[in-house]
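Chemist: Build me a model from this:
(one chain, ligands or ions: 1)
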Amino acid sequence: MEEKKIPYKIYLSEDEMPKAWYNVRADMTNKPAPLLNPATHQPMTAQKLGAVFCDELIQQELDDTTPYFPIPEEIRNFYKMYRPSPLVRAYCLEEKLKTPAKIYYKFEGNNTSGSHKLNSAIAQAYYAKNQGLKGVTTETGAGQWGTALSMACAYLGLDCRVYMVKCSYEQKPFRREVMRTYGAQVTPSPSNTTEVGRKILEQFPGTSGSLGCAISEAVEAATSMEGYRYVLGSVLNQVLLHQTVIGLDTQTALKKYGIKPDVILGCAGGGSNLGGLISPFVGEKLRGEADYQIIAVEPASCPSLTRGVFRYDFCDTGAICPLAKMYTLGNGFIPSASHAGGLRYHGMSPVVSQLYHDGLMEARSVEQTSVFAAAEEFARCEGILPAPESSHAIRVAMDEAIRCRETGEEKTILFGLTGTGYFDMVAYGKYNDGDMSDYIPTDADLQRGFDSIPKFPGNE
Ligand SMILES: *Cc1c(COP(=O)(O)O)cnc(C)c1O
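Modeler: Here you go, the predicted model:
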């Protein structure tokens, strides 16, 4: 049979878009470990979680058996405003690399928030609204998640309070103004609007803040205001579930043209876009229907999978959130200032961690300057200016394609391109000026982080 000509972009029709999210936990033999109450070390109950999170989202968080969750019509309609996202055949990149490999990427940056994060933001905002809540609180570091959430809340008429790490608030005024344009209230963290913020300011008057501190403030704000809950943009099972629209779309698009990827890869910060992309393919793997090589790509400056340990740890630096079993560098690990803000997280999604632990996927770490070199090469031939986070995946996809050029293998490589980098031009500037450096933590640096992991029986 003659091979069907593959277009530059494969788009699904509205009817072909997924009507349910896929819960890969249902097909996993070893389920991810449950969240633990830090005080008792017993699994968190729905009731206990209900003080912080929305009820329906807690059901999704705790459900390891239901394979499909229908996507409510209102969310599907919102998705139609910026989805389906294209599956792109990187013909120009293939030609530039002179590789026999076939390269595809799923592009999630075609919305104002500039990343895949909107896929979960609208779902979380929808369930909050459905519960009759007034609003939600969250933290944001680089600003992508806060932007996505403010867009979703504006659409549904929910109040949105974002605690933004102070140094980002000051250094990224454009992201801040996008959030305010969508009606969010943005507070630099630490602030004097919360008890925990006031305490931190007293202790460290000149601090420029941290993600852990912003989480603590957002959680306190949610639990101390009537009608508010806290929402999180990555790591949790529910977020990974919502992000499966990426993988389901991709699976349908590939099937239409009879394409079977050999290698599937994506960048991993908290693991939500990667988990969402690979879930349907891992499902096939788990059910024995197909096999794929799956690779998580992380920064060498924050190597949770490649150099971390598989333990129960706090999800936040403030040590107030539940304990999650994951690959972690320790909640006290402070990554060096890297330009991929969305990948500077000490832990990893429990689902991705378990899959990695069980040998169902691999992980690689890459250095910042080589990531930006890949980003520029990609931008110059494929046109899209990629986010630094996404460029980690580009780096490894290119490395794989170059290896194919050397071995003559005609592999099909699929990667997730999570977003655009228009708000990251200071980082590109540093790279262009030759001022960018690579920092790799020493074993002693890592040990300091590991020392912050809580110790209790069964967690050594
Ligand atoms: C947040 C972000 C990431 C990393 O988050 P995950 O939860 O690991 O997917 C990657 N790329 C972009 C563009 C982001 O904004």
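Chemist: show me what contacts Y327?
Modeler: 304-305, 308-310, 347-348, 353, 356-357 (C-beta atoms under 8 Å, 6 or more residues apart in numbering). For glycine as for every other residue, the C-beta is placed from the backbone atoms N, C-alpha and C.
Chemist: Ok, Y79 next?
Modeler: Applying C-beta under 8 Å, 6+ apart to Y79 gives the contacts 17, 71, 119, 122, 245.
Chemist: Looking at those residues, which is nearest P188?
Modeler: If you rank the contacts of Y79 by distance to P188 using C-beta to C-beta, I122 comes first, at 25.9 Å.
Chemist: Nearest residue to that closest one in space, ignoring adjacent ones along the chain?
Modeler: In space, and not counting its chain neighbours, I122 is closest to A152: 4.3 Å by C-beta to C-beta, 6 or more residues apart in numbering.
Chemist: wait, isn't the one you found in contact with A121?
Modeler: Yes. Applying C-beta atoms under 8 Å as the test, A152 and A121 come out as touching, 4.1 Å apart.
Chemist: is it fair to say Y312 lies in a strand?
Modeler: Yes. Assigned with DSSP: H, G, I helix; E, B strand; the rest coil, Y312 falls within a strand.
Chemist: How many residues are close by it?
Modeler: 22 (other C-beta atoms under 10 Å).
Chemist: which strand residues sit across from it in the sheet?
Modeler: Per DSSP bridges, the residues bridged to Y312 are K325.
Chemist: okay, how far is it across stretch 18-30, tip to tip?
Modeler: Taking C-alpha to C-alpha, to the nearest Å, the first and last residues of stretch 18-30 lie 26 Å apart.
Chemist: Pull out the buried positions in that stretch.
Modeler: In terms of neighbour count (16 or more other C-beta atoms under 10 Å), stretch 18-30 has its buried residues at 18, 21-25, 28.
Chemist: hang on, the earlier thing: any figure for the gap between the residue nearest to I122 and the ligand?
Modeler: With distances taken as C-beta to the nearest ligand atom, to the nearest Å, A152 is found 15 Å from the ligand.
Chemist: please renumber so the chain begins at 751
Modeler: With the count now opening at 751, the last piece we talked about shows up as A902.
Chemist: now that residue: how far from V981?
Modeler: Distance of A902 to V981, computed by C-beta to C-beta, to the nearest Å: 9 Å.
Chemist: Name only those of the contacts of Y829 that count as buried.
Modeler: So, by 16+ other C-beta under 10 Å, the buried ones in those are 767, 821, 869, 872, 995.
Chemist: The last one touches R833, doesn't it?
Modeler: Same thing as V995. Yes. Taking contacts as C-beta under 8 Å, V995 lies within contact range of R833: 7.1 Å.
Chemist: okay, and the common contacts of these two?
Modeler: M767.
Chemist: tell me the contacts of the nearest residue to D805 once chain neighbours are set aside?
Modeler: Using C-beta to C-beta, 6+ apart and skipping residues adjacent in sequence, the residue nearest D805 is Q881, 5.8 Å away. Contacts for Q881 (C-beta under 8 Å, 6+ apart) come out as 804-806, 979.
Chemist: Identify the farthest-apart pair in these.
Modeler: Longest distance between any two of those is 10.8 Å, between E806 and R979; criterion C-beta to C-beta.
Chemist: of these two, who's got more company?
Modeler: Neighbours per residue (other C-beta under 10 Å) separate E806 from R979, with R979 holding more: 26 against 18.
Chemist: which residues touch the more buried one?
Modeler: Applying C-beta under 8 Å, 6+ apart, the residues near R979 are 802-804, 878, 881, 883, 886-887, 972.
Chemist: Would you confirm that M1111 contacts V1047?
Modeler: No. Using C-beta under 8 Å, M1111 is not in contact with V1047, being 11.1 Å away.
Chemist: Which of the two has more residues huddled nearby?
Modeler: V1047 (30 against 23).
Chemist: Identify the residue nearest W895 in space, chain neighbours excluded?
Modeler: G983 (3.4 Å).
Chemist: so that neighbour, which of the three states?
Modeler: Here G983 is recorded as coil under three-state DSSP.
Chemist: Which stretches in the stretch 751-900 of the chain count as strands?
Modeler: 759-760, 770-772, 818-820, 837-839, 852-857, 885-890 (DSSP state E, counting those that start in this stretch).
Chemist: Out of those, indicate the one that is most buried.
Modeler: Ranked by mean neighbour count, the strands of the stretch 751-900 of the chain are led by strand 885-890 with a mean of 28 (mean count of other C-beta atoms under 10 Å).
Chemist: Return the residues of the protein in contact with the ligand.
Modeler: Contacts of the chain with the ligand, taken as C-beta under 6 Å from any ligand atom, map to 865, 867, 894, 984, 1017-1023, 1092-1093, 1137, 1139-1140, 1168-1169.
Chemist: if we can go back for a sec, for the contacts of Y829, work out which two are farthest apart.
Modeler: With C-beta to C-beta as the measure, no two of the contacts of Y829 lie farther apart than M767 and I872, at 13.7 Å.
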